[in-house]
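[1] Have a look at this prediction, sequence included:
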Amino acid sequence: MARLILVRHPPVAKAWEGRCYGQSDMGLSRAGRKIIPTLCAQLAALGPDHIVHSGLRRTRILADRLGTQLGIVPATAPDWRERHFGAWEGQSWQSIYRTTGNTMEGMISDPSSFRPGTNGETTQELLERIERALLALPQHRRIAIISHGGPIAAACQLLTGGTTSELAAKIIAPATFITVEAPPSSGMS
């Protein structure tokens with residue numbers, strides 16, 4: 001059985017606050033950088049023996065620091081990237097809502113075919129990608145996965161159950177983490 005420590009990256013650069021950033025690659029805010037030592041100490045106390053991150057700067061910064069502290073070389077796994085929001089990326093959430101109204105609810109109500117920003121990733125595609133990411137993890141390890149809100153929620157749903165309508169409630173705040181036991185039956189290698 002693997003113990004997964006699912007960590008959401010620290011707060012992003014101030015210019016991106018209130019914006020849909022999805023797979024856009026920005027750095028951390030001052031507050032985000034400042035919290036890294038405390039977050040690393042909390043994570044190190046959980047004893048991870050493997051570190052994975054999405055490859056985006058906002059996860060890599062934390063993974064590299066934690067890896068240095070623990071003497072572990074972090075692995076990059078792009079399947080752990082945030083959901084692709086298509087043309088919405090870079091726009092303010094307020095602007096998206098003004099333009100599209102309640103259509104963004106399609107991410108939950110129509111998980112198989114609704115594409116945010118016209119050419120974004122469906123909820124079903126996100127779930128399938130995270131299932132693939134879970135299957136690629138080594139078994140019988142304590143793994144710190146530095147990722148994003150959507151993939152963490154998807155992993156929790158896949159490992160603990162629930163419906164698509166509950167997905168948004170499983171998104172954790174930046175610079176926080178949860179631990180989940182991944183049973184051998186989850187198909188992890």
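    Right, received. Where do you want to start?
[2] Excluding chain neighbours, what is closest to Gly149?
    Spatial nearest neighbour of Gly149, chain neighbours left out: Ile171 (4.1 Å); criterion: Cβ to Cβ, 6 or more residues apart in numbering. For glycine as for every other residue, the C-beta is placed from the backbone atoms N, C-alpha and C.
[3] Next, name the residue at the spatial heart of the protein.
    With distances taken as Cα atoms, centre = their mean, the residue of the chain nearest its centroid is His148 (2.1 Å).
[4] Run a quick neighbour tally on the nearest residue to that one once chain neighbours are set aside.
    Once flanking residues are discounted, His148 sits nearest to Glu82: 3.7 Å by Cβ to Cβ, 6+ apart. Around Glu82 there are 25 other residues, counting by other Cβ atoms under 10 Å.
[5] With Ile35 instead?
    Neighbours of Ile35 (other Cβ under 10 Å): 17.
[6] contacting residues for it?
    Contacts here follow Cβ atoms under 8 Å, 6 or more residues apart in numbering; on that basis Ile35 touches 10-11, 175.
[7] For Ser113, state which of these is nearest.
    Pro11 (32.4 Å; Cβ to Cβ).
[8] Ile152 and Asp49, how far apart?
    Distance from Ile152 to Asp49, counting by Cβ to Cβ, to the nearest Å: 20 Å.
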